[in-house]
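[1] sequence plus predicted model, see below.
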Amino acid sequence: MENRYYPFDRIADRSEKSPIDISIVMPVFNEGDIVETVLLDWNQNLIEMGLNYEIIVINDGSLDGTGRVLDKLRRELPQLRVIHQLNTGHSQAIRRGYSLARGQYILQCDLNGRYEPEDFARLWEVKANHRMVVAHRTHRLDSFPRRLFSSVLRRLTHWICGVNLQDPNVPFRLFKKEPVSHFLRNLPPGWRYINLALSIYISKETPQRIIEVKIPFRKRSLGKSSTSTYDLINLSFECLGELLTLRKLLKNEASQSVNLNPARARA
């Protein structure tokens, strides 16, 4: 799938005096009523944590004035990078954010107010010796179809790929950038379940270096999900197809690794 971007898309060119500790990747679509409050809160808490950071917001074709609010904020917040693009969907938005991230670590967090900076601090505290820290959503204030969809994804992930995580597709995760750069380059364009694929990849490669942390999944500040039950059923079948394809990709990569390193096969 080829991404097309608005002609006014631009990234601020800022010189960094020291390496960036973390890049916060936040996709957003039609959250104009809360985006300023949420970003100011995150910015203040990251300053208080003493981190050298950047916040990358991917405005995925919002139609409600979100873009105007973001353009105003990036003039006020030097750590904020705003990317405007035509609507390509959540996964393609975060994939673009991952590719632009300059931090040693990346946090992916949807910009809808369901997670708070204090939740990130809990992930940051346990990052040592782990390649990925993922949230396990508790107290989910979601509709039954969405909770059922997550359950289906969890079971399919275990059944097809042998990975047993409570919330493998959660949109709130902290990971080192370096280990996943290679994998993302090999993942086909247009892949829908980017986060799910990353969870499986790291779990298969280094199962002892991925950890889940229980995090409350709060009610949306405003608005509601636009995904219908019919959409969720179709997404389940798409997930099944991608998991089967991913299993083949991982097997091929493992075979190539063995062929390049015969000593590994004898070990």
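    Yep, it's here. The structure presented is a predicted model; accordingly, all values stated were derived computationally and were not measured.

[2] what pairs with the helix or strand residue 27 falls within, and is each one parallel or antiparallel?
    In this assignment (DSSP states H and E), residue 27 forms part of strand 22-28. Next to strand 22-28 in the sheet, as set by DSSP bridges, lie strand 53-60 (parallel), strand 105-109 (parallel).

[3] now tabulate the ones you listed in JSON lines and tack on mean neighbour count, mean pLDDT and distance to residue 210.
    C-betas here are computed from N, CA, C, even on glycine. What follows is the strands paired with strand 22-28, written out as JSON lines (neighbours: other Cβ atoms under 10 Å; pLDDT from 0 to 100; distance: least, Cβ to Cβ, whole Å):
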{"stretch": "strand 53-60", "mean neighbour count": "24", "mean pLDDT": "97", "distance to residue 210": "23"}
{"stretch": "strand 105-109", "mean neighbour count": "23", "mean pLDDT": "96", "distance to residue 210": "14"}
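
[4] quick one: residues contacting the most centrally placed residue in the chain.
    In the chain, the centroid-proximal residue (Cα atoms, centre = their mean) is residue 108; its distance is 3.9 Å. Counting by Cβ atoms under 8 Å, 6 or more residues apart in numbering, residue 108 makes contact with 25-26, 94, 97-98, 171-173, 195.

[5] assumed residue 134 was part of a helix.
    No: the assignment for residue 134, made by DSSP: H, G, I helix; E, B strand; the rest coil, is strand rather than a helix.

[6] with adjacent residues omitted, what lies nearest to it?
    Closest residue in space to residue 134, ignoring its immediate chain neighbours: residue 173 at 4.5 Å, by Cβ to Cβ, 6 or more residues apart in numbering.

[7] so which elements touch the helix or strand the one you found falls within?
    Taking DSSP H and E as the definition, one finds residue 173 inside strand 172-176. Packing partners of strand 172-176 (3 or more Cβ pairs under 8 Å, 6 or more residues apart in numbering; DSSP states H and E): strand 105-109, helix 117-125, strand 132-138, helix 194-205.
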